[in-house]
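Got a predicted structure here, sequence first:
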Number of protein chains: 2
Amino acid sequence: MELSDNTIERICKVFGYLNPLERGAAEFVSSKELAKAIGTTEYTVRKDISLLGVCGYTRKGYAVKSLKEELGRKLNLNKKRKACIVGLGRLGSALLDYEKFQEDGFEIVAGFDCSINKLERIKTPIDVFSDNDIKEIVAQRSIEVGILAVPSQRAQDVADKLIGAGVKGILNFSNHKVIVPENVIYLNLDFTNALRFIAAKIMINQNQN
Amino acid sequence: MELSDNTIERICKVFGYLNPLERGAAEFVSSKELAKAIGTTEYTVRKDISLLGVCGYTRKGYAVKSLKEELGRKLNLNKKRKACIVGLGRLGSALLDYEKFQEDGFEIVAGFDCSINKLERIKTPIDVFSDNDIKEIVAQRSIEVGILAVPSQRAQDVADKLIGAGVKGILNFSNHKVIVPENVIYLNLDFTNALRFIAAKIMINQNQN
DNA sequence: TTCTGTGAAGCCGTTCACAGCC
DNA sequence: GGCTGTGAACGGCTTCACAGAA
């Protein structure tokens, strides 16, 4: 079963779209509707889903409840996964309380910062610790994913600590590339780059007219 | 000149990497180094750059300063672009003061929120307004990009307002898809999805061993 | 020798067309 | 008729191989 990153990403989006559908008590959903919701074609949705070995019903579409269950099982999105945030500046502390994480399969179980000052002043129900405790806490609480919200020059160092402590994935919000070993999953969400991309495409768009 | 989204994204990353290089007074940079920095192959970097019609020097690589200048010119990344943030909850207000934006070609020139309460309490050097003023302020300050940090059920509504007021690009941090007209650039950064993606790949990784 | 520039080859993902099913 | 499932065709991006230049 070879899944491309694109396929995984789309399935994750589909999975996210099924949540509200399920709450709305929709029983079935067609590939066409899913395609529209996540911004792709119905062909691609069907192929993606069938690549995972999940089946729908002819003439009806996919059963919302069981589709979510199955996709979740195949991609391991059903069980809650534990994550921590390193760097409790404005962005980091906003992420600490980002409700969507909790609501959707993830649990932030610790925050870290190198400044004792910040640790004392911060107000959050989540436990916060010094960077020095990363190793201990990550192991103790079986944290699987580390979220980096530190200044870019510290990103690599903190990532190394997290990986040394056993996390299997890194989500990097800083705008500096981090090198990780092959067995660690790495994803970089660089806001500045996103804005650059938009700026570039705005311009290309205008030139075409 | 047909540039794929992938190419644009990579060039944006290259552009970002050139900043510190330039400050470090490096004169030349090879495609190999760039490739390593942004996580791709040297072939791809060379092709991307040559697609833009920018040339390097044989045996030396690309001249850092002029490469940055040229890439910036082709993708319109040199001039400062104005953006605003709608939704001043924890994430939104963190983004308001996100230094990296300012430092790198973007200028946040306004914040909006529908709660008068929040507007009064927030502490930031940036001007903040009620959602009702979007139309007026966006036009007045020639804001080109709108950043959405509102609860997902309000995302489409706010996006419509922004587009009606003339923004040309939307960066959406909420986890709800927004429909935009063809001439508006749209990008969604969904944190929850990013974590799902990581969770899925962690699992696939483990299954392979 | 070392690095860029680029046509050609190869590969991979998406699209298509159509069979199957209710 | 409407929707899924899937092998085959298509297209586009990446990789390669090699020419050119200092």
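Alright, I've got the coordinates.

neighbouring contacts of the worst-scoring helix or strand of chain A on mean pLDDT?
For chain A, counting by mean pLDDT, DSSP states H and E, helix A:99-103 ranks last in confidence among helices and strands (a mean of 79). Applying C-beta atoms under 8 Å, 6 or more residues apart in numbering or on different chains, the contact partners of helix A:99-103 are A:Ala83, A:Leu95, A:Glu107, A:Ile108, B:Asn175, B:Phe191, B:Thr192, B:Leu195. Where C-beta positions appear, they are placed from N, C-alpha and C, glycine not excepted.

Could you pull up the residues touching A:Ile134?
By C-beta under 8 Å, 6+ apart, the residues touching A:Ile134 are A:Val86, A:Phe112, A:Val158, A:Lys161, A:Leu162, A:Ala165.

Buried ones in the one helix or strand it maps to, by neighbour count?
Assigned by DSSP states H and E, A:Ile134 belongs to helix A:134-140. Within helix A:134-140, the residues that count as buried by 16 or more other C-beta atoms under 10 Å in any protein chain shown are A:Ile134, A:Ile137, A:Val138.

In JSON lines: those, plus pLDDT.
What follows is those, written out as JSON lines (pLDDT from 0 to 100):
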{"residue": "A:Ile134", "pLDDT": "98"}
{"residue": "A:Ile137", "pLDDT": "98"}
{"residue": "A:Val138", "pLDDT": "98"}
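
and of those, the nearest to chain B?
Proximity of the buried residues of helix A:134-140 to chain B (C-beta to the nearest C-beta) peaks at A:Val138, which lies at 14.7 Å.

Just give the nearest non-adjacent residue to the closest one, would you?
Spatial nearest neighbour of A:Val138, excluding adjacent residues (C-beta to C-beta, 6 or more residues apart in numbering or on different chains): A:Ala165 at 3.7 Å.

Tell me, how many residues neighbour the one you found?
A:Ala165 sits with 18 neighbouring residues when counted by other C-beta atoms under 10 Å in any protein chain shown.

Now restrict the contacts of helix A:99-103 to buried residues only.
Counted by 16+ other C-beta under 10 Å, those give A:Ala83, A:Leu95, A:Ile108, B:Asn175, B:Phe191, B:Thr192, B:Leu195 as buried.

Save those as TSV, and put in distance to B:Lys118 and pLDDT too.
What follows is the buried ones among the contacts of helix A:99-103, written out as TSV (distance: C-beta to C-beta, whole Å; pLDDT from 0 to 100):
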residue	distance to B:Lys118	pLDDT
A:Ala83	28	97
A:Leu95	19	95
A:Ile108	23	96
B:Asn175	21	86
B:Phe191	21	94
B:Thr192	23	93
B:Leu195	27	96
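
List just the nearest of the contacts of A:Ile134 to A:Ile11.
Proximity of the contacts of A:Ile134 to A:Ile11 (C-beta to C-beta) peaks at A:Leu162, which lies at 26.2 Å.

unless I'm mixing things up, that closest one is touching A:Gly146, no?
Yes - taking C-beta atoms under 8 Å as the definition, A:Leu162 is a contact partner of A:Gly146 at 3.8 Å.

what residues are shared contacts of the two?
A:Cys84, A:Val86, A:Val138, A:Ile170.

Turn the residues you listed into CSV, including secondary structure and distance to A:Leu187.
Formatted as CSV, these follow (DSSP: H, G, I helix; E, B strand; the rest coil; distance: C-beta to C-beta, whole Å):
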residue, secondary structure, distance to A:Leu187
A:Cys84, strand, 16
A:Val86, strand, 15
A:Val138, helix, 18
A:Ile170, strand, 7
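
in what helix or strand does A:Gln167 lie?
One thing to correct before we go on: residue A:167 is Val, not Gln. Assigned by DSSP H and E, A:Val167 belongs to no helix or strand.

Could I get the phi/psi values of the residue nearest to the spatial centre of chain A?
Centroid-nearest residue in chain A, with C-alpha atoms, centre = their mean: A:Leu171, separated by 7.5 Å. Dihedral angles of A:Leu171 (phi, psi; degrees, to the nearest 10) stand at phi -110, psi 110.

Any buried residues in the one helix or strand A:Val45 maps to, and which?
In the assignment (DSSP H and E), A:Val45 maps to helix A:42-51. Neighbour counts using 16+ other C-beta under 10 Å place A:Thr44, A:Val45, A:Arg46, A:Asp48, A:Ile49 of helix A:42-51 among the buried residues.

got a markdown table for those residues, with pLDDT and distance to B:Leu3 too?
Shown next, in a markdown table, are these (pLDDT from 0 to 100; distance: C-beta to C-beta, whole Å):
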| residue | pLDDT | distance to B:Leu3 |
| --- | --- | --- |
| A:Thr44 | 98 | 22 |
| A:Val45 | 98 | 27 |
| A:Arg46 | 98 | 30 |
| A:Asp48 | 98 | 26 |
| A:Ile49 | 98 | 31 |
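
Let's have the residues you listed in JSON lines, adding distance to DNA strand C.
Formatted as JSON lines, those follow (distance: C-beta to the nearest atom of the strand, whole Å):
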{"residue": "A:Thr44", "distance to DNA strand C": "4"}
{"residue": "A:Val45", "distance to DNA strand C": "9"}
{"residue": "A:Arg46", "distance to DNA strand C": "7"}
{"residue": "A:Asp48", "distance to DNA strand C": "7"}
{"residue": "A:Ile49", "distance to DNA strand C": "12"}
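
Residues of chain A that sit close to DNA strand D?
For chain A, the residues in contact with DNA strand D (C-beta under 7 Å from any atom of the strand) are A:30-32, A:42-43, A:46-47, A:49-50, A:54-62.

Let's see that with 10 Å instead.
Counting by C-beta under 10 Å from any atom of the strand, the residues of chain A close to DNA strand D are A:28-35, A:42-62, A:67.

Are the helix or strand just after the least confident helix or strand of chain A and chain B in contact anywhere?
Using DSSP H and E, the helix or strand that follows helix A:99-103 towards the C-terminus is strand A:106-113. Yes - on the criterion C-beta under 8 Å from any C-beta of the partner chain, strand A:106-113 is in touch with chain B at A:Phe106.
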